[in-house]
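**Student:** here are the coordinates; sequence isn't available:
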């Protein structure tokens with residue numbers, strides 16, 4: 001016993017051993033370096049975008065910088081929604097069950113929702129960034145975000161002589177003798193009717209008045225001249241990118257972003273902006289949602305020129321804030337619809353006209369195709 005007491009006195013006591021063990025256990029229980037926990041935002045803002053190439057463009061241009069600026073306060077999340085989601089927006093507002101707080105919508109969709117009454121919040125649009133957006137790209141219920149265009153795309157390896165390329169307006173697409181080649185045209189009255197009239201010499205600014213005044217007989221008379229020469233009636237934008245890339249067609253009216261996708265993929269394709277038709281899509285806020293104030297902050301953020309320039313790096317559609325071009329390289333600006341050189345030779349699509357005429361025009365067009 002004396003020997004044990006001596007050892008305990010000169011060495012380590014049982015109490016010291018137990019105390020040391022407890023401290024060691026505590027040391028292993030708590031990491032030496034703590035990983036910061038992500039701060040949860042007070043508000044999660046869900047916004048609808050078209051998905052696809054928009055995911056990268058909107059993520060870099062809008063979502064990431066907004067979340068960084070409002071860290072801990074608001075976190076915006078983009079979700080893809082189907083094309084023209086008017087029924088979804090109406091259902092959310094009618095039931096008070098909101099999947100989205102704000103959404104990218106077309107002019108036609110906004111017009112339908114406004115006509116339905118009480119579907120969208122009226123926007124303020126008074127921030128310095130928002131006032132930089134021209135009036136033609138905004139309304140009480142919609143802040144324009146990007147501009148897209150219907151243009152004539154053609155294979156530059158087929159039309160090596162620029163003087164003989166279909167680059168002087170829609171009359172070239174209709175010139176079957178002077179400009180030979182395989183053709184594809186959209187299987188829809190939108191854009192196709194305007195192109196048909198301009199091909200016969202109607203001024204771009206007069207096409208809608210011509211249809212209001214003269215009906216659709218002149219349109220179909222023009223289409224009759226080219227019907228037999230159309231190799232493919234296309235129904236989707238991605239289809240036109242493929243047709244141009246593979247060389248299945250040589251001339252194709254399509255959306256500039258789809259033609260650009262073919263160009264970016266290495267296809268020898270050129271865009272002609274002459275007599276192009278343009279429209280825009282933009283942000284709207286759903287009426288009565290739980291995060292309207294946060295949505296207003298986000299929509300205003302998207303109007304900023306630098307943010308607009310950033311998204312335009314990844315998506316071939318034009319920013320609506322003209323000051324964005326101060327931050328866009330000249331080479332990139334040349335392929336965007338709102339670049340002054342391109343916008344000046346194009347005409348805006350009359351969405352109000354198509355809102356009234358869509359059903360009748362589609363019925364007549366489908367009947368003509370079958371005739």
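**Tutor:** Alright, I've got the coordinates. Keep in mind it's a predicted model, so treat the numbers as computed, not measured.

**Student:** can you give me the helices for the stretch 1-150 of the chain?
**Tutor:** Under the criterion DSSP state H, counting those that start in this stretch, the stretch 1-150 of the chain carries helices at the ranges 2-10, 14-29, 54-58, 64-69, 86-95, 107-116, 128-131.

**Student:** tell me what the third one is packed against?
**Tutor:** The one in question is helix 54-58. strand 74-80 (3 or more C-beta pairs under 8 Å, 6 or more residues apart in numbering; DSSP states H and E). Every residue, glycine included, has its C-beta placed from N, CA and C.

**Student:** redo that, cut-off 10 Å
**Tutor:** Here helix 54-58 touches strand 43-49, strand 74-80, strand 142-155, helix 305-311, going by 3 or more C-beta pairs under 10 Å, 6 or more residues apart in numbering; DSSP states H and E.

**Student:** To residue 236, which of these lies closest?
**Tutor:** Closest to residue 236 of the helices and strands packed on helix 54-58 is strand 142-155 (C-beta to C-beta; 13.9 Å).

**Student:** Could you tell me the angle between that closest one and strand 43-49?
**Tutor:** Here strand 142-155 runs at an angle of 40 degrees relative to strand 43-49 (axes from the mean of the first three to the mean of the last three C-alpha atoms, to 10 degrees).

**Student:** Please identify the pairing partners of strand 142-155 and their relative orientation?
**Tutor:** Applying DSSP bridges to the sheet, strand 142-155 is found paired with strand 138-139 (antiparallel), strand 251-255 (antiparallel), strand 269-285 (antiparallel), strand 318-319 (antiparallel).

**Student:** per-domain residue ranges of this protein.
**Tutor:** Under automatic domain parsing, the residue ranges defining each domain of the chain are 43-147+281-341, 148-279+350-370.

**Student:** list the contacts for residue 108?
**Tutor:** 84, 86, 190, 279, 281, 349, 351-352, 354-355, 358 (C-beta atoms under 10 Å, 6 or more residues apart in numbering).

**Student:** out of the residues you listed, who's nearest residue 167?
**Tutor:** Checking those against residue 167 by C-beta to C-beta gives residue 349 as the nearest, at 21.0 Å.

**Student:** number of nearby residues for the closest one?
**Tutor:** Look at residue 349: counted by other C-beta atoms under 10 Å, it has 22 neighbours.

**Student:** which of the helices of the stretch 1-150 of the chain has the lowest average pLDDT?
**Tutor:** For the helices of the stretch 1-150 of the chain, the bottom mean pLDDT is recorded on helix 2-10, which sits at a mean of 37.
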